[in-house]
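# Sharing a sequence plus its predicted fold:
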Amino acid sequence: MEKQQLLFEQSRLSDRGTAEMVLQYISASRGEPGPMVTKTIDLGISLLRGGNTVVQKRMLQALKDKKDVGFFTSMSGFMQQCSVLDLDAFERTNKAKGLGMSTESGAGNLADAEITCKIFRFLQLLCEGHNLEFQNYLRTQAGNTTTVNIIICTVDYLLRLQESIMDFYWHYSGKDVIDKAGKDNFLRAIMVAAQVFNSLTEYIQGPCSLNQLALAHSRLWDAVGGFLYIFAHMQDKLSKDPEQLELLREFMKLQKEMMIMLLSMLEGNVMNGPIGKQMVDTLVESSTNVEMILKFFDIFLKMKDLTTSEAFLEFDTNNDGALSAKEFRKAMHAQKVFAREEIEYIMMCVDANHDGKVDFTEFTDRFHNPAKDIGFTMAVLLTNLSEHMPNEPKLERLMTKAKSVLDYFEPYLGRIEIQGSANRIERVYFEIKQSHIDQWEKPQIKESKRSFLHSVVNEGGDKEKLESFVNFCEDTIFEMQHATSISAEEQRMAAMRSGTSSGEGGVLEPLSMTYRFLRDMLSRDERTDWTSLDFVSYRMFKSMTYWQLLIAFIKANFRLAWFLLTVVFHISWTLIKFVVNMMMGEKEAEASGQPDQAALPMPMALPMGPIAELPPEDGIDPQESQGQPEVEPGAGFVDGLMQDGDGNGHLGKPMANGLDAGVKHETLNGQTQDVKTKEEDIAKTAAPTKAPPPLLTSQVSVDGQRRISTSAESTKQEDEPAQDAPEFEYGRYILSLFARNFYNFKYMALLLAFLINIVLLFFKVTKLHDDAPSVELPESDDIVANLTAALAGGGEEEDDDSGSEAVIIEEDFYYLNPIIRSLAILHTLMAFSMLVAYYCLKVPLVIFKREKEIARQLEFEGLYIVEQPSEEDVKAQWDKLVLSTQSFPESYWDKFVKKKVRARYAEQYDFEAISSLLGMEQADTVTPETEKSKIIPAFLANVDLQYQLWKWGVIITDNSFLYLLWYFIFSILGNFNFFFFAAHLLDVAIGFKTLRTILQSVTHNGKQLVLTVMLTCVVVYIYTVVAFNFFRKFYVKEEDGQVDYKCHDMATCFVYHLHTGVRAGGGIGDEIEPADGDAKEVYRILFDITFFFFVIVILLAIIQGLIIDAFGELRDQLEQVKEDME
């Protein structure tokens, strides 16, 4: 919503001529910076923030219409006047300080770093979102009298900046430590250089091939070679001093920005192209520096595996993660992972703690994470370069040096081929993080993956398989996002456990409070003189009259009854609130008088592939969302827009996450303030982090949308204002516990079912005679006896003399009674936990799939608008119930699907009818808030009852949920009759894949199987008619003087043929009287033979064949899946 609101406000300002005003002010400045220029660029950045394509097109059209040369000459003049590090001025300042002369701090050393970052940020946003037309226009202005190449101007400034950083490196190369003043200057230069690299990346992404060639023919390679030298030697110098680690991290982040820019240079290029050759030449010329960088990465990437190995941990006898320097060296020698010179280098980098020992865990984390982050980008660059330049001998030597690093990242390097903007297939690389690998191996994901693979084999063509794959990807992404949200509460709990030691603020605080309350109560009880208290009570009781005793007795009973009713009410109320909270999901923030400044939570993206939000569809008003009031553009919002300008270049007080929407913007008053050296402040001060280019993109839009530029991550940092961390939610944590242990509950319930059925083997039947002493049976045994008698029916009359029967456990095993009772209660708890866990883990995915299906049919097929579903389609009729609810769509990612549907079909169909169908307001007005009823509880007033009704209808029709529901019901019945637990053993066929395949073989051809059984019944009925009319006498049986007529009424005759005739090996002829010597003997023979042939030989064999064929087909599918995966 905030994204749409931002786009709406930007467009309103642009419609009032703000975009043209920004360009005119910049042109009028004639390249002379000043406060007005700074504010103008701030406004331009705010208008373009987030990649507003409407403002981009408006600015480009204004420049083309007016053929404004002044804008480009002014931007070129700004770059020429932007300062760089000045070593001479720095030395003069230091000498003046040494002589006690007053001087302005940092004079002449990037004092204009803030405005410099804003200039390049503004140029970056002009090309945001792969705006190819603006990218080309920055290089050459066709039709203008004077052409200014902004691309080359940017490279020229980058080269000047690199040379000034090199001067400062040489100044400090002979010194052991870089002082605070030098560190501040380096940090300013790194901040500006990072923004310049970001701008260059945006100039060429898409790709823009002409801008790539312009950069390739410029002096960019000189700057790259110089930066490689700086990175290699600064890494070597700063890593040996723990006090310089913050500066080292900033240099490594800058190195990553440069690698991303080089990757963008290779985007869309052909094999053995000129850009690839120039890049190889640059890397070969700086091969010494590249090898130093690779060696640094290799050492600290191996360090993680070394310090976590069991052999290394044996040296840590105290298990405190610390070793002496001598032990640390000895441990590394013993592992034989590093060479001697590498061990010496590591020992120069380590530092001792207050005990004089080396904290190897902290030391490893200090370097491993940055090395892994930036080393991956280096590995992707070399891998991509080797594919662009195959059989290049110069590159092969470099790849040999980098083999160890490449082998390390090989398991984490994903590849996918997509069609680029030039309609060419491009290979895209992305990082597969260990956390995502762990999620991919979660049981629920593996189950979804197995189901997809087995179903997609039967799809017709490649198009159907591709559609199924896209749907599977959407479902899996949602399922992984949901799993991440579930585990988030556990991570927060682990983070909050640090507060439990003080007894306050921890997650276990309620338990500790209960413990302290009980402890205090018991201590008071120990101090109480119960003897005197009992004596006083006894005297009071003796002095009471009978009437007073009656009144006291009535009051005591009333209070006891009131107490019991209160307990029952609170327990019932808690269960109701629990169910309602599960229905409502996460609580939404209540609307307040002022608009909420907290940023909306971003969806979890796969690694290194940020997806920026696209502008709304044409014809859709971003303010048309339900419940979203229209915000008038005022000064407050303009102030909020202006904050972005300083979110990229502040040297004083940088704002968290790019900007703080709740704090008014403050600019520097011209004086350069000291740069903080803490890592967090440096990260905030630096230019927005650049995400990898499409070569590193990790996620492809499933709807065929264009890829978004890699500056989306920096935009997200600006868009998200700072917000306070929410309080810990115990309810969500408990539900997450259920969800994460769903499969554990299943296995525990199955184990309990086996144990209960083992105990059932000790049950026996005991006859109870009337003259025998009464035996007190447990309640369950009494119920078993009653059920047995009810099922026996008329048989009771015959067995009256022998007495009734009871099912009990043998007396020798009397102790099994409480055991089976406890196991039954535990099994019911497990069954209930399975039901709750499935609701939390799988039901959101079920709702997501159903909402996605409804949204797709509504948007692309026009269901319910173009055509109405048939009356027999109960599913579609039920789904129509949810269209008019305010909560739909709740789980589906496209929250604006209703607006898209109305905008798409409003011209052809009645606008009011569509609005009524979708439950939308016809006019863009803010509906007044209705006063909430004071009768309905607050947590029930916010429930969308119609949506919840539809939701529970979907849940109840879900087969897995129905299975678990019946599982739970049978578990409850098992507490009254233990033999119900025998049904739970069938869960073995569901829980194991092999047995599930056997079960599926029965249901795979279910329709054909049912039809064949019906045909068998029809054939048997025809034989029943023949037998009833012609062969009744052969069905008469006499036993012990009693005559049993099996075929003297049609119903009995038909049941007898089904029950006995079909089961007989030779047909019905084996079960009735022989026809030897009878007048109808010939006809009986034909009757018996045809019954045997048609029913036993053919129909029963067909039924068996259907099951066997289904089993073989499923087995072939499993083999086909394995072959396809290979």
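All right, it came through fine. Residues are numbered from 1 along each chain as shown.
# from the chain's centre, how far out does the helix or strand encompassing Met79 sit?
Per DSSP states H and E, Met79 falls inside helix 69-81. With CA atoms, centre = their mean, to the nearest Å as the basis, helix 69-81 stands 46 Å off its chain's centre.
# and for it, what are the contacting residues?
With CB atoms under 8 Å, 6 or more residues apart in numbering as the test, helix 69-81 has contacts from 23, 26-33, 37, 63, 119, 123, 141, 144-148, 150, 153-154, 156-157. For every residue, glycine as well, the C-beta is placed using N, CA and C.
# Kindly report the same for stretch 163-182.
Contacts of stretch 163-182 (CB under 8 Å, 6+ apart): 84-87, 90-91, 93-94, 106, 185-186, 189, 193, 226, 229-230, 233-234, 237-238, 241, 243-244, 247, 674, 677.
# now for it, what's the gap between its first and last residues?
16 Å (CA to CA, to the nearest Å).
# what about that stretch, average pLDDT?
The pLDDT scores in stretch 163-182 average 87.
# would Val807 count as being in a helix?
No. Counting by DSSP: H, G, I helix; E, B strand; the rest coil, Val807 falls outside a helix, being strand.
# From Val1082, how far out is the residue nearest to the spatial centre of the chain?
The residue lying closest to the centre of the chain (CA atoms, centre = their mean) is Gln481, at 1.3 Å. When CB to CB, to the nearest Å is applied, the distance between Gln481 and Val1082 equals 76 Å.
# got the buried residues for the helix holding Met79?
Going by neighbour count (16 or more other CB atoms under 10 Å), the buried part of helix 69-81 is 69-72, 74-79.
# The helix or strand encompassing Gln162 to helix 69-81, inter-axis angle?
In the assignment (DSSP H and E), Gln162 maps to helix 150-173. Angle of helix 150-173 versus helix 69-81, following axes from the mean of the first three to the mean of the last three CA atoms, to 10 degrees, is 10 degrees.
# Next SSE downstream of helix 150-173?
Heading C-terminal from helix 150-173 (DSSP H and E), you reach helix 180-204.
# Using TSV, lay out the buried residues of helix 69-81 together with pLDDT and distance to Leu1058.
Output for those, formatted as TSV (pLDDT from 0 to 100; distance: CB to CB, whole Å):
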residue	pLDDT	distance to Leu1058
Val69	86	97
Gly70	87	98
Phe71	88	92
Phe72	88	93
Ser74	90	96
Met75	89	92
Ser76	90	96
Gly77	90	99
Phe78	89	95
Met79	90	94
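# Make a markdown table from the residues you listed and add distance to Leu823 to it.
Converted to a markdown table, the buried residues of helix 69-81 look like this (distance: CB to CB, whole Å):
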| residue | distance to Leu823 |
| --- | --- |
| Val69 | 87 |
| Gly70 | 86 |
| Phe71 | 81 |
| Phe72 | 82 |
| Ser74 | 83 |
| Met75 | 79 |
| Ser76 | 83 |
| Gly77 | 85 |
| Phe78 | 80 |
| Met79 | 79 |
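# Out of those residues, flag the one nearest to Glu114.
Closest approach to Glu114 among the buried residues of helix 69-81 (CB to CB): Phe78, at 12.9 Å.
# Could you report the separation of the closest one from Thr38?
11 Å.
# How about Val1010?
In terms of CB to CB, Val1010 sits 79 Å off from Thr38.
# So between those two, which is more surrounded?
Thr38 (20 against 10; other CB atoms under 10 Å).
# pretty sure the more buried one contacts Cys117?
No. Taking CB atoms under 8 Å as the definition, Thr38 is not a contact partner of Cys117, at 11.2 Å.
# by contact count, what packs against the longest helix along the chain?
If you go by DSSP state H, the chain has its longest helix at helix 546-584. Judged by 3 or more CB pairs under 8 Å, 6 or more residues apart in numbering; DSSP states H and E, the packing partners of helix 546-584 are helix 730-740, helix 816-841, helix 938-941, helix 945-956.
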